[in-house]
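Asks: have a look at this prediction, sequence included:
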Amino acid sequence: MNVAGWTDVLDKLSRTVRAVYLDAQPEVDGSLLILWFKYGFHHKKAQDQSAQLLPLVRAWLGDGVKIEYRLREAPAETNKPSGKGPASPEDDPFVREVVRRFDGRVTRVKEVSE
């Protein structure tokens, strides 16, 4: 499983598209690239942006490559107090990475529906 070229693929994407794929864990199996996602939002957005990704993956792994987008099953969290929702959005690894990269801070969280 050689995923060394994944970083080069990410570097060639625009900043906004790259942000969608930062959370992905790549796995190469012959002519199949499997991208594992921890969060459903990233999983969906990555599929929406696949037209941006496919040419770069083909340049890396060949024209016959196929990409599968898979969502990891979250382990059952039995030690959470009942009634408490998921961790805050600021605790999301993706958000922490963006805040770190841009030396920023979260000032407001707003729920949006698509």
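Replies: Received, thanks.
Asks: now stretch 30-46: how far from the chain's centre is it?
Replies: 6 Å (Cα atoms, centre = their mean, to the nearest Å).
Asks: should've said stretch 5-15
Replies: Stretch 5-15 sits 13 Å away from the centroid of its parent chain (Cα atoms, centre = their mean).
Asks: what comes into contact with that stretch?
Replies: With Cβ atoms under 8 Å, 6 or more residues apart in numbering as the test, stretch 5-15 has contacts from Arg18, Tyr21, Leu22, Pro26, Gln52, Leu53, Leu56, Val57, Trp60, Leu61. Glycine gets a C-beta too; all of them are placed from N, C-alpha and C.
Asks: would you mind finding the longest helix in this structure?
Replies: In the chain, with assignment by DSSP state H, the single longest helix is helix 50-61.
Asks: confidence score at Ser88?
Replies: With respect to pLDDT, Ser88 has a value of 66.
Asks: for Glu73, that is, sorry about that
Replies: Per the predicted model, pLDDT is 78 at Glu73.
Asks: next, count neighbours for it.
Replies: 6 (other Cβ atoms under 10 Å).
Asks: and whichever helix or strand comes after the longest helix of the chain, what's buried?
Replies: Using DSSP states H and E, the helix or strand that follows helix 50-61 towards the C-terminus is strand 66-71. Going by neighbour count (16 or more other Cβ atoms under 10 Å), the buried part of strand 66-71 is Ile67, Tyr69.
Asks: no further questions, thank you.
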